[in-house]
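Chemist: pasting the structure only:
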Ligand SMILES: [Zn+2]
């Protein structure tokens, strides 16, 4: 058996008005190629870069939120390499004094908390985009060149594919909560780079294999998962055959997760970093750190814990953490009532029936007529057995679909829609008697097959127009049939 050893690098485009070192607009999605450009992001000689304060503060805020140690003296450096998408011949990045170091992110794996350590977080500029035309020409669009980019590097702490995926989703939630990036992967706003090797499960914890395989430019969490699974299997099979795996960079074959050999990587790349001479070092004050720390809202893991504390299931809590509109709506409900049983029941209906209907209506939960007070009244009626589960669905439907019902009270709707349940056992008994009399064949079948009780309960529901509690109906039928 082999265990994966994985480290991640994540690139995030920072949500800002202008680019990292010039005034060009940074929101270039669907713009004509090479329209968001100037001498600075073209890298023309003599152009002077000026750091974007908003991008800097957002990177600093994220470093604080990810529990990093902040380097109060930080600076930009030139990372020298040539590529057609990098016309200057260097990228302005940060080398030995990144904004943040030694942070961590907590994830929950099978109910346990795991800490994934962050090695560093720094700020840099994005490169341009190469487009390969059909006639073998390569075209370059410089709109992306110079867009602010945060790079986060983890330690090789991941020990399973699941952990990598949970971490990636959590990080995406955090940057969205902090409004640092929209992290829309289909727009390239969040990208992954992977280092992966596998080791025999006999190798002591903390010990790393003597090779690693690098896969760059992974643009979605689902592809990331496929690549991880592919590489774990590929490398395990090689080790089974006693083959030695060399450190290498592998490319992606489309979206399948399959990878192919690109080049071997025996030594670390030498980028000849040196301090960026056009940008003076930056000093971060304690007051600045404190101010940003104070502006950090409740983070996803804190929010999840709060929902778990009021009794929600982990999967329900995850939905409210991930969909903030739903989470905010539910928080208003929690302000009205904190009785665990009611709140849990309400959560169940939001996650199930209401979410399903919203999807069909293509609406958000804050755009409907059902209020938090309504839902609490509804689940209270259900708890008192005054209405059935079917009744709950009809009330939700009445509020969501029919606009003219918006002003009626829940109690009026219950009466109007005839949803009051019959709980009086003599009344239920009457319906049960009728069902038995009218269905001799079902009664005969029931003697042979106990499952037929469901059909008899169905008959009672039909006779009572759905107003009988099915459990009570079943009890009465069994009583009458001496079963
Ligand atoms: Zn520019």
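Modeler: Yes, it's here. On a predicted model such as this, the values are computed, not experimentally measured, just so you know.
Chemist: List of residues touching the lengthiest helix in the chain?
Modeler: Secondary structure of the chain per DSSP state H: the longest helix is helix 221-240. Applying C-beta atoms under 8 Å, 6 or more residues apart in numbering, the external contacts of helix 221-240 come out as 2, 4, 6, 161, 164-165, 168-169, 172, 185, 192, 194, 196-198, 200, 213, 215, 218, 245, 250, 252, 255-259. For the C-beta atoms, the positions are set from N, CA and C on the backbone; glycine is no exception.
Chemist: Just the buried ones out of the residues you listed, please.
Modeler: The neighbour-count test (16 or more other C-beta atoms under 10 Å) marks 2, 4, 6, 161, 164-165, 168-169, 172, 185, 192, 194, 196-198, 213, 215, 218, 245, 250, 252, 257, 259 as buried among these.
Chemist: after the single longest strand found in the chain, next one along is what?
Modeler: Longest strand of the chain, by residue count under DSSP state E: strand 112-125. Of the helices and strands lying after strand 112-125 in sequence (DSSP states H and E), the nearest is strand 129-132.
Chemist: Which element is encountered next along the chain beyond that next one?
Modeler: Next along from strand 129-132, by DSSP H and E: strand 138-141.
Chemist: Just want the angle from the helix or strand just after that next one to strand 112-125.
Modeler: Past strand 138-141, further along toward the C-terminus, the next helix or strand under DSSP H and E is strand 148-154. Here strand 148-154 runs at an angle of 140 degrees relative to strand 112-125 (axes from the mean of the first three to the mean of the last three C-alpha atoms, to 10 degrees).
Chemist: list the helices and strands whichever strand or helix holds residue 171 packs on?
Modeler: Assigning secondary structure by DSSP H and E places residue 171 in helix 161-177. Using 3 or more C-beta pairs under 8 Å, 6 or more residues apart in numbering; DSSP states H and E, the elements in contact with helix 161-177 are strand 2-13, helix 53-65, strand 100-109, strand 112-125, strand 190-200, helix 221-240, helix 300-309, helix 314-322.
Chemist: Spit out the contact partners of the residue nearest the centre of the chain.
Modeler: Of all residues in the chain, the one closest to the mean position by C-alpha atoms, centre = their mean is residue 169, 4.1 Å from it. By C-beta under 8 Å, 6+ apart, residue 169 lies in contact with 221, 322.
Chemist: Whichever strand or helix holds residue 428 - contacts with which helices or strands?
Modeler: Using DSSP H and E, residue 428 sits within helix 425-438. Where contact means 3+ C-beta pairs under 8 Å, 6+ apart, helix 425-438 is packed against helix 453-463, helix 470-480.
Chemist: Can you give the contact residues for stretch 356-368?
Modeler: Applying C-beta under 8 Å, 6+ apart, the contact partners of stretch 356-368 are 325-326, 328-329, 350, 354, 396-397, 399-401.
Chemist: cutoff 7 Å now
Modeler: The set of residues external to stretch 356-368 that reach it, using C-beta atoms under 7 Å, 6 or more residues apart in numbering, is 325-326, 329, 354, 396, 400.
Chemist: Now tabulate the helices and strands packed on helix 161-177 in TSV and tack on mean pLDDT and distance to residue 274.
Modeler: TSV is the format used below for these (pLDDT from 0 to 100; distance: least, C-beta to C-beta, whole Å):
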stretch	mean pLDDT	distance to residue 274
strand 2-13	96	22
helix 53-65	98	21
strand 100-109	95	20
strand 112-125	96	15
strand 190-200	96	24
helix 221-240	96	33
helix 300-309	94	39
helix 314-322	94	43
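Chemist: Quick one: closest of these to the ion.
Modeler: strand 112-125 (10.1 Å; C-beta to the ion).
Chemist: Would you list the strands that that closest one pairs with, along with their directions?
Modeler: strand 100-109 (antiparallel), strand 148-154 (antiparallel) (DSSP bridges).
Chemist: Could you look over these and pick the most buried one?
Modeler: strand 148-154 (a mean of 23; mean count of other C-beta atoms under 10 Å).
Chemist: now it and strand 2-13, what's the angle there?
Modeler: Going by the same axes, to 10 degrees, strand 148-154 makes 160 degrees with strand 2-13.
Chemist: Can you tell me what sits against the longest strand of the chain?
Modeler: For strand 112-125, contacts defined as C-beta under 7 Å, 6+ apart pick out 20-21, 55-56, 59, 62-63, 66, 68, 91-94, 98-101, 103-107, 146-155, 157-158, 163, 167.
Chemist: in it, what counts as buried?
Modeler: For strand 112-125, a neighbour-count test (16+ other C-beta under 10 Å) marks 114, 116, 118-125 as buried.
Chemist: biggest separation within those residues, which pair?
Modeler: Greatest spatial distance among the buried residues of strand 112-125 (C-beta to C-beta): 114 and 125, at 32.9 Å.
Chemist: Neighbours of the residue of the stretch 51-200 of the chain found nearest the ion, how many?
Modeler: Nearest to the ion, among the residues of the stretch 51-200 of the chain, is residue 146, at 5.5 Å (C-beta to the ion). Counted by other C-beta atoms under 10 Å, the residues lying close to residue 146 total 30.
Chemist: Same question for residue 67.
Modeler: Residue 67 has 15 neighbours, counted by other C-beta under 10 Å.
Chemist: distance of it from residue 22?
Modeler: Distance, residue 67 to residue 22, using C-beta to C-beta, to the nearest Å: 32 Å.
Chemist: Can you give the domain ranges for the protein?
Modeler: 2-292, 300-416, 425-480 (automatic domain parsing).
Chemist: Just the terminal-to-terminal distance for the first one.
Modeler: By that I understand domain 2-292. Start to finish, the residues bounding domain 2-292 are 43 Å apart (C-alpha to C-alpha, to the nearest Å).
Chemist: next one: the shortest one
Modeler: When the termini of domain 425-480 are compared using C-alpha to C-alpha, they are 12 Å apart.
Chemist: now it: how far from the chain's centre is it?
Modeler: How far domain 425-480 lies from its chain's middle: 47 Å, per C-alpha atoms, centre = their mean, to the nearest Å.
Chemist: Who are the contact partners of residue 260?
Modeler: Residue 260 touches 250-251, 253, counting by C-beta under 7 Å, 6+ apart.
Chemist: what do you get for residue 452?
Modeler: Residue 452 neighbours (C-beta under 7 Å, 6+ apart): 442, 445-446.
Chemist: hmm, 10 Å instead?
Modeler: Contacts for residue 452 (C-beta atoms under 10 Å, 6 or more residues apart in numbering) come out as 439, 441-446.
Chemist: With residue 268 instead?
Modeler: residue 247 are the contacts of residue 268 under C-beta under 10 Å, 6+ apart.
Chemist: Show me what counts as buried in stretch 425-442.
Modeler: 428-432, 435-436, 439, 442.
Chemist: got CSV for those residues, with distance to the ion too?
Modeler: Putting the buried residues of stretch 425-442 into CSV (distance: C-beta to the ion, whole Å) gives the following:
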residue, distance to the ion
428, 76
429, 81
430, 81
431, 77
432, 79
435, 78
436, 83
439, 80
442, 78
